[in-house]
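Asker: What would the 3D arrangement of this be:
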Amino acid sequence: MASNRGFWQLVRHDSKLRPNRRRPLPRRWRVAYGVVVAIVVLVVTTYESAHNRVPITALNSAWFITFYFPIVAFGFGAGVTAHEWRQNTVGWWLTLPVSRSWLVGAKVLAAWLKSSRLFLYVYAIGAVLGLYSIFLSTHALSGSAVGPFLLTGLWWNGVLLLVSPATTAFGVLFSTLRYSQLRPALPIVWIVIGGGWWLLSSHLKVAASFVPSITSSPAATPHWPWMFCAVAASWVLALLFTGIASLVLREQVNL
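Answerer: Purely as a prediction, here's the structure:
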């Protein structure tokens, strides 16, 4: 029971970690950049929607931009793990009274939760911009337009979120290898990443056709069997990467 509490305490701790910067950007500049980006996006959306009738299929396809979010999940996984070495807390971390598997699992889960929050924010922003565009284009918010658009984004981003555990766990594994005695093997890992990315990119047309194919009846899309297999494979790979990272921590990391 105590180890269970320790695991969830680690998850809470890791999910609150912030990126480490030697020269952190002042808050006022972060706010300024955010305001400028928001204004640019709003102006472009307003202009395009007011001067061109945006078809619902085009709006549905706009969700495809989040296809690269699993790569962001990789960054979260690598970042929360590298944090221990960058802050010189790796000794404290590895001597905690929990198993290596739980240490790694807490990192993976915390990074995945951070990815989930980002997915939620992006979906909310995309939904607001999409509804705004629909209203400017049609001067109304009809269910026939709003429903498919929101449902498309929900299911598409949901699928991406469910396949991201593999890239999250791989990020944790990557950072673990980077700070272990197996660091010379990193070029091989990059070759594997490049090959996997090439294989994934070769199937972009299948993924792209999935987005606009979702309507108010998501089960109607012919790609659901493939999506189910992708989700299942992602969780299996996440468990595999977590196990390998735990083994590396136990056998190849010196304090």
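Asker: Which strands and helices lie in contact with the strand or helix carrying V159?
Answerer: Here V159, judged by DSSP states H and E, is contained in helix 143-178. When contacts are defined as 3 or more Cβ pairs under 8 Å, 6 or more residues apart in numbering; DSSP states H and E, helix 143-178 packs onto helix 56-62, helix 69-86, helix 100-138, helix 186-201, helix 204-213, helix 224-252. For the C-beta atoms, the positions are set from N, CA and C on the backbone; glycine is no exception.
Asker: now those helices as JSON lines including distance to S15, mean pLDDT and mean neighbour count?
Answerer: Converted to JSON lines, the helices and strands packed on helix 143-178 look like this (distance: least, Cβ to Cβ, whole Å; pLDDT from 0 to 100; neighbours: other Cβ atoms under 10 Å):
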{"stretch": "helix 56-62", "distance to S15": "29", "mean pLDDT": "67", "mean neighbour count": "18"}
{"stretch": "helix 69-86", "distance to S15": "8", "mean pLDDT": "90", "mean neighbour count": "21"}
{"stretch": "helix 100-138", "distance to S15": "4", "mean pLDDT": "87", "mean neighbour count": "19"}
{"stretch": "helix 186-201", "distance to S15": "25", "mean pLDDT": "74", "mean neighbour count": "11"}
{"stretch": "helix 204-213", "distance to S15": "29", "mean pLDDT": "50", "mean neighbour count": "16"}
{"stretch": "helix 224-252", "distance to S15": "17", "mean pLDDT": "85", "mean neighbour count": "17"}
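Asker: per-residue confidence for the closest residue in space to G6 that isn't next to it in sequence?
Answerer: Excluding the flanking residues, the one nearest G6 by Cβ to Cβ, 6 or more residues apart in numbering is V98, at 4.9 Å. The model reports V98 with a pLDDT of 85.
Asker: V98 in helix, strand or coil?
Answerer: coil (DSSP: H, G, I helix; E, B strand; the rest coil).
Asker: and the gap between it and V104?
Answerer: As defined by Cβ to Cβ, to the nearest Å, V98 lies at a distance of 10 Å from V104.
Asker: same question, L160
Answerer: 23 Å.
Asker: Equivalent analysis for Y68, please.
Answerer: Y68 is 25 Å from V104, by Cβ to Cβ.
Asker: now do P148
Answerer: 40 Å.
Asker: Check I193 too.
Answerer: Separation of I193 from V104 (Cβ to Cβ): 19 Å.
Asker: now S115
Answerer: Counting by Cβ to Cβ, the gap from S115 to V104 is 17 Å.
Asker: Ok, A169 next?
Answerer: Remark: distance between A169 and V104 (Cβ to Cβ) = 8 Å.
Asker: Then F7?
Answerer: From F7 to V104 the distance is 11 Å (Cβ to Cβ).
Asker: what about I65, how many residues close to it?
Answerer: 11 (other Cβ atoms under 10 Å).
Asker: F67 too?
Answerer: The local packing of F67 (other Cβ under 10 Å) involves 15 other residues.
Asker: quick one, what contacts P165?
Answerer: Neighbouring residues of P165 by Cβ atoms under 8 Å, 6 or more residues apart in numbering: 73, 108, 112, 234-235, 237-238.
Asker: switch to 7 Å and redo it
Answerer: 112, 234-235, 238 (Cβ atoms under 7 Å, 6 or more residues apart in numbering).
Asker: what's the answer for T176, then?
Answerer: 81, 245, 248-249.
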